[in-house]
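Asker: got a predicted structure here, sequence first:
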Amino acid sequence: MHDISIKVNKVFAPVHKSKHRYVVMKGSAGSGKSVDTAQQYILKLLTEPGRNLICIRKIEGSNRNSTFAELTGAINRLELQEYFSFSLSPTAPMRIVCKNGNEIIFAGLNDQNQREKLKSVTFAKGKLTDFWIEEATELAQDDFEIIDDRLRGDLPNGLFYQIKLTFNPVSATHWIKKYFFDREDKNVLTHHSTYRDNTFIDKAYYERMERRKEVDPEGYQVYGLGEWGSTEGIIFNNWKIDTLKQDLSMYDDVAIGQDFGFNHANAILLLGIKDNEIYVLRELYENNKDTSELIELAENDNVFPKNIVMFCDAAEPDRIKMWRRAGYRAVECKKGPGSVNAQIDWLKQRKIYIDSSCTNTIAEIGQWRWKLDRTTNLYTEDPVPIFDDAMAALRYGVQNWRIRGGVEAPKVDNRSAIQKEKDKLERLGRRKRR
């Protein structure tokens, strides 16, 4: 094997040496924790026969642009392509295989089928020894218990089990804080890092993070300093994560909300209302995608029915026209003085249920807060205008339910073709009997 040139940040030295069952890495954006984790896994799997890794995101497909991308990137940086094989096919399952037989596979926990699939995973050579849970705050505690239960039994050759969690600590109320940080456990190593610890960070990103201190001091605590997010000033506390029914006929009404973006996220939400409670059913949340790319994604995944009204940011009429030309019922959302606060007030009066697959909506709603007046140290009536794209889509999407004006979203007929034909024949039979 050729000499390997390895670049590491000293802050991660305790993690590299750890044999704890649980390594819990919280930190700021840009701290390098995910890059370092991927690099260490590649080195471990190359040099320790018998190790096998499963990478976890709440949504299995999210691994493609996160854990899979980080691991293949590490292979390329370390110039180890001759020792690993992997496929970039958009249709084939993601898998990385080392020439010594060690493997990496990728999984999600968004539904019961995925949970059952995880329980039955086997490897051609050796046992499952490692889990990497990226964006660990996406997972519920019972998700973690399923993962933890998979690592059991004796291991040969001095191998050990390890679960590594990497995340930004969005909220101090999260189960991870209570489970790993608020109690002593000899099996746990907790670790903290920030962008200031990352000696390889580019200057522009560093300066951007420094500027956030002035614009959003509370958000900077989480995404800049990697500290647990405070609940003070949070706008919405009336929400709950759940696995929601996707049969649209179950809801009293349905609608779509879209907030346009490119450098910041373009967020699209499919919403339902039932018994005056709001349901966030599906999301499309993408950065650096133009409108044609977003339309292609929406159509390929068949996420958003075209017969449902889509309420969009009125500031970009050209983009609304593009969605219309693609067959969507896109209309501009009505805006006016005080409309943002009116939308927020209406939403605060209702329970909001969010499907567990909508991880970006969950991340935003958990940290979206009012601006703090640094002179008076009091919160204002203005929301912080950062990391609020899904919140804008949510506000736009409830327009008809809030004011009952303009275009009304139609009820969706989700009957099968067979059932529709039966109903048609029954109606014809009733007419003949008359």
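Answerer: Looks like it arrived, so ask away. Residues are numbered from 1 along each chain as shown.

Asker: host element of the closest residue to residue 256 other than its chain neighbours?
Answerer: Nearest non-adjacent residue to residue 256, counting by Cβ to Cβ, 6 or more residues apart in numbering: residue 310, 4.0 Å away. No exception for glycine: its C-beta is placed from N, CA and C like everyone else's. For residue 310, the host element (DSSP states H and E) is strand 309-312.

Asker: next SSE downstream of that strand?
Answerer: Next along the chain after strand 309-312, with elements defined by DSSP H and E, is helix 317-325.

Asker: that next one - contacts with which helices or strands?
Answerer: When contacts are defined as 3 or more Cβ pairs under 8 Å, 6 or more residues apart in numbering; DSSP states H and E, helix 317-325 packs onto helix 291-301, strand 309-312, strand 329-332.

Asker: ok, 10 Å please
Answerer: Contact analysis of helix 317-325 by 3 or more Cβ pairs under 10 Å, 6 or more residues apart in numbering; DSSP states H and E lists strand 253-259, helix 291-301, strand 309-312, strand 329-332 as its packing neighbours.

Asker: let me know which of those is the nearest to residue 86.
Answerer: The closest of the helices and strands packed on helix 317-325 to residue 86 is helix 291-301. By Cβ to Cβ, the value is 22.8 Å.

Asker: how far away from the center of its chain is that closest one?
Answerer: On the basis of Cα atoms, centre = their mean, to the nearest Å, helix 291-301 sits 18 Å off its chain's mean C-alpha point.

Asker: check stretch 255-263 too.
Answerer: With Cα atoms, centre = their mean, you get 16 Å for stretch 255-263.

Asker: again with stretch 271-289
Answerer: Relative to its chain's centre, stretch 271-289 lies at 13 Å (Cα atoms, centre = their mean).

Asker: when you give positions from now on, start the count at 52
Answerer: With the count now opening at 52, the last piece we talked about shows up as stretch 322-340.

Asker: how about low-confidence regions in the protein?
Answerer: Scanning the chain for pLDDT under 70 picks out 52-53, 139, 141-142, 352-353, 456-485.

Asker: need the helices for the stretch 102-251 of the chain, in chain order.
Answerer: Under the criterion DSSP state H, counting those that start in this stretch, the stretch 102-251 of the chain carries helices at the ranges 118-128, 163-170, 192-200, 226-227.

Asker: rewinding a little: I would like the residues contacting the strand holding residue 361, please.
Answerer: With Cβ atoms under 10 Å, 6 or more residues apart in numbering as the test, strand 360-363 has contacts from 304-311, 319-322, 349, 355, 370-371, 374-375, 379-385, 444, 446-451, 457-461.

Asker: list the buried ones in stretch 412-426?
Answerer: Going by neighbour count (16 or more other Cβ atoms under 10 Å), the buried part of stretch 412-426 is 412-423.

Asker: narrow the residues you listed to those in helices?
Answerer: 412-416 (DSSP state H).

Asker: roughly how far does residue 260 sit from residue 445?
Answerer: 27 Å (Cβ to Cβ, to the nearest Å).

Asker: ok, now residue 414?
Answerer: On the measure of Cβ to Cβ, residue 414 and residue 445 end up 13 Å apart.

Asker: same check, this time on residue 323
Answerer: Computed with Cβ to Cβ, the distance linking residue 323 and residue 445 is 12 Å.

Asker: not counting its neighbours along the chain, what's nearest the residue nearest the centre of the chain?
Answerer: By Cα atoms, centre = their mean, the mean C-alpha position of the chain lies nearest to residue 410, the distance being 3.3 Å. In this structure, residue 410 finds its nearest non-sequential neighbour in residue 189, 4.7 Å apart by Cβ to Cβ, 6+ apart.

Asker: for that neighbour, give me its contacts.
Answerer: 107-110, 113, 159-161, 218, 221, 292, 407-408, 410-411, 413-414.

Asker: can I see the domain layout of the chain?
Answerer: The chain resolves into domains spanning 61-274, 290-454 when parsed by automatic domain parsing.

Asker: now render those as a markdown table, adding distance to residue 283.
Answerer: Below are the domains of the chain laid out as a markdown table (distance: least, Cβ to Cβ, whole Å):
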| stretch | distance to residue 283 |
| --- | --- |
| domain 61-274 | 8 |
| domain 290-454 | 8 |
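
Asker: which phi and psi does the residue lying closest to residue 211 once chain neighbours are set aside have?
Answerer: Distance criterion Cβ to Cβ, 6+ apart; nearest residue to residue 211, sequence neighbours excluded, is residue 70 at 5.2 Å. The phi and psi values for residue 70, taken as degrees, to the nearest 10, are phi -120, psi 20.

Asker: number of residues surrounding residue 70?
Answerer: 11 (other Cβ atoms under 10 Å).

Asker: wouldn't it be in contact with residue 237 here?
Answerer: No. Assessed by Cβ atoms under 10 Å, residue 70 is found out of contact with residue 237, at 11.4 Å.

Asker: re the thing from before, now, which of the ones in helices among the buried residues of stretch 412-426 sits nearest residue 251?
Answerer: residue 414 (25.3 Å).

Asker: start and end of stretch 55-74, how far apart?
Answerer: End-to-end span of stretch 55-74 (Cα to Cα, to the nearest Å): 25 Å.

Asker: equivalent analysis for stretch 303-323, please.
Answerer: 7 Å.

Asker: next, the buried residues of it.
Answerer: 304-312, 316-323.

Asker: count of neighbours near residue 208?
Answerer: 9.

Asker: and it, what does it touch?
Answerer: The contact partners of residue 208, taken as Cβ under 10 Å, 6+ apart, are 99-102, 177.

Asker: let's see if you can find the most crowded of those residues.
Answerer: Counting by other Cβ under 10 Å, top hit in those: residue 102 with 27 neighbours.
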